[in-house]
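Enquirer: below: sequence and its predicted model.
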Amino acid sequence: MPQFPGRIASKLPRAGTTIFTVMSRLAAEHGAINLSQGFPDFDCSPRLRELVTKYFNAGLNQDPPMAGIMPLRERIAEKMAALYGTRYDPEHEVTVVPGATYGIFNAVATLVRPGDEVILFEPTYDSYGPAVEVSGGVPVYVPLRYPDYAVDWAALARAITPRTRALVVNTPNNPTASVLSGEDMRMLESVLRGTDIVVIADEVYEHIVFDGMRHESCARYPGLAARSYVVSSFGKTYHVTGWKMGYVVAPGELMAEFRKVHQFNVFVTNGPLQYALADYMKDPDAYLALAAFYQKKRDFFLAGMRGSRWRPLPSRGTFFQNLAYDEISDENDSDLAVRLTVEHGVAAIPVSAFYREPPGHKVLRFCFAKSEETLARGAEILSKL
Ligand code: PMP
Ligand code: GLN
């Protein structure tokens, strides 16, 4: 193959292959139990599969409307109103997108001009920084306080400058498994009051919040809803992470700009899957039952780890459990993650992958979206260390 004769100046000079791909590949090579990448090892509901088959066979295989089919936008708007008390207009304020990663990327592309600053909390879900940099923006990092990963609101206020265009907030949070409280949301609302800063709210784990806490959506707080793109993913909610289907809701003016970019970025999102999801969403039980479903898995995994030298950090939401290993090893988390996979047959994600510089915390992230057999085998191996 003849190679490009010139030079391309990389827009992401520091980016390598994502840690999820690296660890899942290593797990596959070594036949390890894969508790690294965040996806279930079980299938979605048979009814959802039947609906997809039905719509694939119904001749609905050409472009759907640009913003998504209306029945699905209506179901999304109804859900937002029922759960968070804010009524989004399905015509102008709800857009179906090919996954939350895309939704965030498109929101950043809508807002950010070269030199604009976007505030990110660190540890940071890995797609946010690159999304900002590709648009020529400058990520500004505000550290979350280890070990509870609390937000330092004074530090956030100090990070705001006249160039701050947007802020990305992720609750429930990947990788920390922390969840923002109502008090946090009121602080956020107050820090942003009087600014033009737009919030990109990554709420893909909105239905996975534990121990009786409730999800504090930006949509619930008028001062935040008015300035937020709220992004969610059907992948997490319906155990279909490979579908790359999600949605974005935002006030009309923000959404009009988002759609201008969206129509030239992807134009439309998979049609048959939208029809299937619109039918499936009629039954709220599937998402309302999700927190209890995953809390049981979290508790099952933790019960298997009891008495071990791993120290669980609180998992208040998401399907991740962080385990501190300072009593087990002095190794850094990346080395331990590799050794655990290769020598012991369990793969996890080193939490330093979500920092620009390794913070030195001895913590690995384990995904418990797995069958009980998988979790039991993983916990048994880990407990012996
Ligand atoms: N944001 C966070 C915090 C995630 O964990 C994920 C999951 N992989 C995504 C976004 C991406 O969601 P999607 O698969 O819909 O792109
Ligand atoms: N979000 C997944 C995780 O945290 C990774 C897969 C992805 O969507 N990038 O493990």
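Expert: Done, it's in. Ligands and ions are numbered 1, 2, ... in the order given.

Enquirer: quick one, strands of the protein?
Expert: With DSSP state E, the ranges of strands along the chain come out as 33-34, 94-97, 117-122, 138-145, 150-151, 164-170, 198-202, 228-233, 246-249, 311-312, 320-324, 346-347, 349-350, 363-367.

Enquirer: mean pLDDT added to the ones you listed, as a markdown table?
Expert: Shown next, in a markdown table, are the strands of the chain (pLDDT from 0 to 100):
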| stretch | mean pLDDT |
| --- | --- |
| strand 33-34 | 98 |
| strand 94-97 | 99 |
| strand 117-122 | 98 |
| strand 138-145 | 98 |
| strand 150-151 | 98 |
| strand 164-170 | 98 |
| strand 198-202 | 99 |
| strand 228-233 | 99 |
| strand 246-249 | 98 |
| strand 311-312 | 98 |
| strand 320-324 | 98 |
| strand 346-347 | 98 |
| strand 349-350 | 98 |
| strand 363-367 | 98 |
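
Enquirer: want to throw the ones you listed into TSV with distance to ligand 2 and mean neighbour count?
Expert: Backbone N, C-alpha and C define where each C-beta goes, glycine included. Shown next, in TSV, are those (distance: least, C-beta to the nearest ligand atom, whole Å; neighbours: other C-beta atoms under 10 Å):
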stretch	distance to ligand 2	mean neighbour count
strand 33-34	10	23
strand 94-97	14	26
strand 117-122	15	22
strand 138-145	16	16
strand 150-151	20	18
strand 164-170	11	23
strand 198-202	10	26
strand 228-233	8	27
strand 246-249	11	28
strand 311-312	18	16
strand 320-324	7	23
strand 346-347	11	26
strand 349-350	7	28
strand 363-367	6	26
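
Enquirer: of all those, which one is nearest ligand 1?
Expert: Ligand 1 sits nearest to strand 228-233 of all these, at 3.1 Å, using C-beta to the nearest ligand atom.

Enquirer: could you say what helices and strands that closest one packs with?
Expert: helix 100-111, strand 198-202, strand 246-249 (3 or more C-beta pairs under 8 Å, 6 or more residues apart in numbering; DSSP states H and E).

Enquirer: residues near residue 54, how many?
Expert: Here the number of neighbours of residue 54 (other C-beta atoms under 10 Å) works out to 14.

Enquirer: would you reformat the helices and strands packed on strand 228-233 as CSV and include distance to ligand 1?
Expert: Putting these into CSV (distance: least, C-beta to the nearest ligand atom, whole Å) gives the following:
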stretch, distance to ligand 1
helix 100-111, 3
strand 198-202, 5
strand 246-249, 4
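
Enquirer: what sits closest to residue 186 if chain neighbours are left out?
Expert: residue 221 (7.2 Å; C-beta to C-beta, 6 or more residues apart in numbering).

Enquirer: residues contacting the one you found?
Expert: With contact taken as C-beta atoms under 8 Å, 6 or more residues apart in numbering, residue 221 is in contact with 185-186, 188-189.

Enquirer: kindly list the main-chain dihedrals of it?
Expert: Per-residue torsions, residue 221: phi -110, psi 110 (degrees, to the nearest 10).

Enquirer: so what's it scoring on pLDDT?
Expert: Looking at residue 221, its pLDDT is 98.

Enquirer: tell me which stretches of the stretch 1-150 of the chain form helices.
Expert: 19-29, 46-56, 70-84, 100-111, 128-134 (DSSP state H, counting those that start in this stretch).

Enquirer: now residue 266: how far from residue 294?
Expert: Using C-beta to C-beta, to the nearest Å, residue 266 is found at 30 Å from residue 294.
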